[in-house]
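In: here's a sequence, model it:
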Amino acid sequence: MPDEALPDATSRKKRIAIALISLAVVAVLAVTAALLVREYVITTYVVDGDSMLPTLNGGVSGDTSDGDTLILNKVKDPERGDIIVFYYDWGDTPSFSPHHLVKRVIALPGDRVEIKDGELYLNGVLQNEGYIKEAMLPWLDQNGGNSSLSLTVPDGCVFAMGDNRNNSTDSRVIGCVPMDKIVGVCFLILSENGKLRTP
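Out: Residues are numbered from 1 along each chain as shown. Model (predicted):
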């Protein structure tokens, strides 16, 4: 009897070893896949500031950890209405360091953008933007006069603005956003209270 039990015990140990090795391989593959997805497909960004009110909560000024968390798709091409995060380099402006901005895509390459008397026109059509915080005030140009804007979005760029139009540094000031500067397109928002919502 003991001689017959020996092969069974050895066989059982082999099966357990194979199962443990299989589990280890699956765990390594899962971790690797998660890291690859995080590196190349999905990332997160915490909103800081109020340029996207009322759509996004930017938290308390100066605290970069208490705003809404955006979950971004890094491979999706932006569409009109998408919320994007992009990298902006302020260049020689010493009071600003290069950082990320979050805005809404208003226009795509080839679109004609016009802003007149606080109204936005896209390809000649007045836009009804229910998501903005308040009516857009005409802003002042460098000479102190009311400024209007008229441009065609160049290839490889988007025109983006904050939903809080009267308190947003966006394409009206910094110009169109090159697509290669876009970090990702928001597809989920995690609020401070832990609730998930779509943009």
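In: hey, where'd the helices end up in the protein?
Out: 2-40, 171-174 (DSSP state H).
In: check the ones you listed for me: which has the lowest mean pLDDT.
Out: With a mean of 69, helix 2-40 has the lowest mean pLDDT of those.
In: wait, isn't L126 in contact with K116?
Out: No - L126 is beyond contact range of K116, at 9.5 Å (criterion: CB atoms under 8 Å). Backbone N, C-alpha and C define where each C-beta goes, glycine included.
In: low-confidence ranges, the protein, go.
Out: 1-7, 29-30, 32-41, 60-65, 90-98, 139-147 (pLDDT under 70).
In: at 50 instead, please
Out: 1, 97 (pLDDT under 50).
In: got the residue ranges for the strands in the chain?
Out: Ranges of strands in the chain, per DSSP state E, are 42-46, 69-73, 83-88, 99-107, 112-116, 119-122, 125-126, 149-152, 157-161, 177-178, 182-190, 196-197.
In: quick check: which of those strands is buried the most?
Out: strand 157-161 (a mean of 25; mean count of other CB atoms under 10 Å).
In: domain map for this structure?
Out: Domain segmentation of the chain under automatic domain parsing yields 1-40, 44-197.
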